[in-house]
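# no letters, just coordinates:
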Ligand code: F6R
């Protein structure tokens, strides 16, 4: 999604804006731009494609000034052209925007009727025109913003820069995140603390409907009713160092390899290994004993984490779980009964559909829990109980470490629910907690399969389709594997429940179709072997991910076998996620795609 940055600085601002935008690249974008005040006058540079194109434009025709705004645009309304790239300008104002102005067509007509020319296909340009029209009536920038912001429908974060006003930035948020950064004689605006990490760790997060007026001495914050409000300043833990690739070629590789450590950190918050007990902060607020059902909503990879959790809550806590992709749930008008707990899973904590589903459940009286990685996010702030994953900033667009940390939290929560409801006894709790405690070490072992995976990924980069099969908790993992391969290498892939193969997808099998089978040697392994035989009989190329026992019992049915360590069944989807991630990573590297920022994708999806 689009990224926003604004700086009231003391030195040349354009390179600093670009530096901050680089930290927002991970969100996904297809054009970029900056506007500064050069000699007090608004000037801007914009470019299609990557930030290096904007840098080239700035090198060719530099812009001066110590105040400015910058933007990475992920196209929604209009192609990713220079004309549609932000900042948009009208008269004395320049604006950058993240989100969608839903009533822009109506506002556009009003602007045209007023005689102004609309130059772009975007929904954002209307905002610049509306503010400029108020300025033309003699209103101050602050009054102009106060008049225009309530007229905008939809979701937005906005930053304004005003011609002739070198010590002023105005920012606003409704639906999309925006943070204020406090520096030493400097002030900043950014889509998140990551963008501002090179400048400051002193952050004030704007709340829903807030807008702020910044000068170099500080910020005044107003709520949606234009009342001045006080918002807390906090220290961000996101340091510039965390945003480095280190010795890795891609953030995704770094994040895959961080998993033993970050899963360990996350688990240390949810299990007491010494006492061999789960200890889930906040869980006491949910009365699991009287719960009738859990409703889970999430998107993409987070949704697959929820699907795995469904197996766990149902098995260990005998608690029915209904799970939906959030984009469906939010419009499904699901009845919410008494004693129901709604759980939302999101790395960013800003995903528009997940947030809308949360608000639906809240309005209908459900208790709200969230598994999020960003504790300051909107989803975290609007939840009754937050179960934070301690994955650290995830920069690669494809979710990896956030997923396995989500699973770690959800496993602990399912065991807690099982204990509370009397379906997990003390001995079982000990066994399960010990199993979770072993994850970091097992993850290190699982990562050792990388050389094998790299070798088998090379021919994969030449296929056009792939299938992933799994049973039980490995069925969601099969779907996750297919999603990862699609998004990173643009190879069409599907994930199926292994038993479902013969009901349709088996028709696709031929010698060109790689079939990944995710099958630890568990209670249903034999069933999966039968499904593999069905594939082999039709010439399919099987890549089996299993353990030593599974490999020994598979005969010669698989062309390739990736060996995982022996694991407890509750741990399997977490450990088996690693080879699945590495397969898509190495295939994408062989194909030469943009691994950290695959085409068309955004990290934090703040629009519907
Ligand atoms: C896939 C991926 C996406 C996200 C989805 C939800 O690799 O990263 O499918 O999982 O967009 O994002 P969050 O977790 O931020 O709500």
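That came through, no problem. Predicted model, so just to flag it, every value in this text is computed and none were measured.
# who in the stretch 151-300 of the chain is up against the ligand?
Counting by Cβ under 6 Å from any ligand atom, the stretch 151-300 of the chain comes close to the ligand at 299-300. For the C-beta atoms, the positions are set from N, CA and C on the backbone; glycine is no exception.
# need the pLDDT of the closest residue to the ligand within the stretch 151-300 of the chain.
The ligand sits closest to residue 300 of the stretch 151-300 of the chain, with a gap of 1.8 Å, by Cβ to the nearest ligand atom. In this prediction, residue 300 carries a pLDDT score of 97.
# for it, what are its contacts?
Counting by Cβ atoms under 8 Å, 6 or more residues apart in numbering, residue 300 touches 399, 483.
# same question for residue 424.
Residue 424 touches 316-317, 415, 418, 432, counting by Cβ under 8 Å, 6+ apart.
# closest one of those to the ligand?
Nearest to the ligand, judged by Cβ to the nearest ligand atom, of these is residue 415 at 22.8 Å.
# for the helix or strand containing the closest one, the averaged confidence score.
With secondary structure defined by DSSP states H and E, residue 415 is part of helix 401-421. pLDDT averaged over helix 401-421 equals 98, rounded to a whole number.
# same question, stretch 148-165
Averaged across stretch 148-165, the pLDDT comes to 95.
# in the lowest-mean-pLDDT helix or strand in the chain, what counts as buried?
Scoring the helices and strands of the chain by mean pLDDT, DSSP states H and E places helix 193-196 at the bottom, with a mean of 86. By neighbour count, and taking 16 or more other Cβ atoms under 10 Å as the criterion, the buried residues in helix 193-196 are 193-196.
# repeat for stretch 188-207
188-197, 199-206.
# do stretch 458-476 as well
Buried positions in stretch 458-476, judged by neighbour count with 16+ other Cβ under 10 Å: 460-461, 463, 466-476.
# from those residues, which ones fall inside helices?
Using DSSP state H, 460, 474-476 are the members of these that sit in helices.
# partner residues bridging the residue nearest to residue 65 when sequence neighbours are not counted?
What sits nearest to residue 65 in space, not counting adjacent residues and going by Cβ to Cβ, 6 or more residues apart in numbering, is residue 36, at 3.7 Å. With beta bridges defined as DSSP bridges, residue 36 has these partners: residue 43, residue 68.
# please list all residues in contact with residue 36.
Contacts for residue 36 (Cβ under 8 Å, 6+ apart) come out as 13-14, 17, 42-44, 63-65, 67-68, 161.
# ok, now with 7 Å
Taking Cβ atoms under 7 Å, 6 or more residues apart in numbering as the criterion, residue 36 is in contact with 13-14, 43, 63-65, 67-68.
# highest neighbour count among those?
With neighbours taken as other Cβ atoms under 10 Å, the top of the contacts of residue 36 is residue 68, carrying 30 neighbours.
# what's the burial count for residue 228?
Around residue 228 there are 9 other residues, counting by other Cβ under 10 Å.
# residues in this structure within reach of the ligand, list them.
Counting by Cβ under 6 Å from any ligand atom, the residues of the chain lying close to the ligand are 299-302, 346-348, 351, 354, 398-399, 483, 487, 604-605.
# among these, which ones are in helices?
Of the residues of the chain next to the ligand, the ones assigned to helices by DSSP H are 300-302, 354, 483, 487.
# and the residues you listed, which are buried?
In terms of neighbour count (16+ other Cβ under 10 Å), the buried residues within those are 300-302, 354, 483, 487.
# now, among those residues, which is nearest to residue 385?
The shortest separation between residue 385 and any of those is 15.7 Å, and it belongs to residue 354 (by Cβ to Cβ).
# please name the nearest non-neighbouring residue to the closest one.
In space, residue 354 is closest to residue 326, 4.3 Å off (Cβ to Cβ, 6+ apart).
# return the residues in contact with the one you found.
Residues in contact with residue 326, defined by Cβ under 7 Å, 6+ apart, are 297-299, 351, 353-354, 357.
# and for residue 158?
95, 97, 127, 171-172.
# check residue 112 too.
Counting by Cβ under 7 Å, 6+ apart, residue 112 touches residue 118.
# just confirm it is within a helix.
Yes: counting by DSSP: H, G, I helix; E, B strand; the rest coil, residue 112 falls inside a helix.
# that one and residue 133, how far apart?
The spacing between residue 112 and residue 133, counted by Cβ to Cβ, to the nearest Å, is 12 Å.
# check residue 578 too.
When Cβ to Cβ is the yardstick, residue 578 and residue 133 sit 56 Å from each other.
# so which of the two has more stuff around it?
Here residue 578 and residue 133 are set side by side on neighbour count (other Cβ under 10 Å), and the busier one is residue 578, at 27 against 20.
# what is the burial count for residue 32?
Applying other Cβ under 10 Å, we find 32 other residues in the vicinity of residue 32.
# can you check residue 381 too?
Applying other Cβ under 10 Å, we find 15 residues neighbouring residue 381.
# low-confidence ranges, the chain, go.
239-243 (pLDDT under 70).
# hmm, back to that, what's the closest of the ones in helices among the buried residues of stretch 458-476 to the ligand?
Nearest to the ligand, judged by Cβ to the nearest ligand atom, of these is residue 476 at 12.6 Å.
# wait, doesn't the closest one sit right on residue 304?
Yes: counting by Cβ atoms under 7 Å, residue 476 does reach residue 304; the two are 4.4 Å apart.
# tell me where the stretch 101-250 of the chain has helices.
Ranges of helices within the stretch 101-250 of the chain are 104-113, 125-136, 141-148, 193-196, based on DSSP state H, counting those that start in this stretch.
# so which of the ones you listed comes closest to residue 221?
If we rank the helices of the stretch 101-250 of the chain by Cβ to Cβ, the stretch that ends up nearest is helix 141-148, at 12.2 Å.
# now do that closest one: everything it contacts.
Contacting residues not belonging to helix 141-148 are listed as 127, 130-131, 134-135, 139, 160, 162, 165, 168, 170, 172, 211, 213, 226 [Cβ under 7 Å, 6+ apart].
# out of these, which comes closest to residue 104?
residue 127 (8.4 Å).
# the nearest residue to the closest one once chain neighbours are set aside: what secondary structure?
Once its chain neighbours are removed from consideration, residue 127 has its nearest residue in residue 95; the separation is 5.3 Å (Cβ to Cβ, 6+ apart). Of the three states, residue 95 takes strand according to three-state DSSP.
# if I pick whichever residue of the stretch 501-608 of the chain sits closest to the ligand, what's in contact with it?
Proximity to the ligand, evaluated over the stretch 501-608 of the chain using Cβ to the nearest ligand atom, is greatest for residue 605 at 4.9 Å. Contacts of residue 605 were listed using Cβ under 7 Å, 6+ apart, and they are 1, 299, 351-352.
# return a PyMOL selection command for the buried portion of those residues.
One line in PyMOL is enough to select the buried ones among these; burial here means 16+ other Cβ under 10 Å:
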select buried, resi 1+299+351+352
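# burial count for the residue lying closest to residue 155 once chain neighbours are set aside?
With Cβ to Cβ, 6+ apart as the measure, residue 175 is the residue that lies nearest to residue 155, at 2.7 Å, once sequence neighbours are left out. Using other Cβ under 10 Å as the criterion, residue 175 is surrounded by 20 other residues.
# pretty sure residue 175 sits against residue 100.
No: under the criterion of Cβ under 7 Å, residue 175 is not in contact with residue 100, lying 8.6 Å apart.
# common neighbours of the two, please.
Listed contacts common to residue 175 and residue 100 are 154-155; contacts here mean Cβ under 7 Å, 6+ apart.
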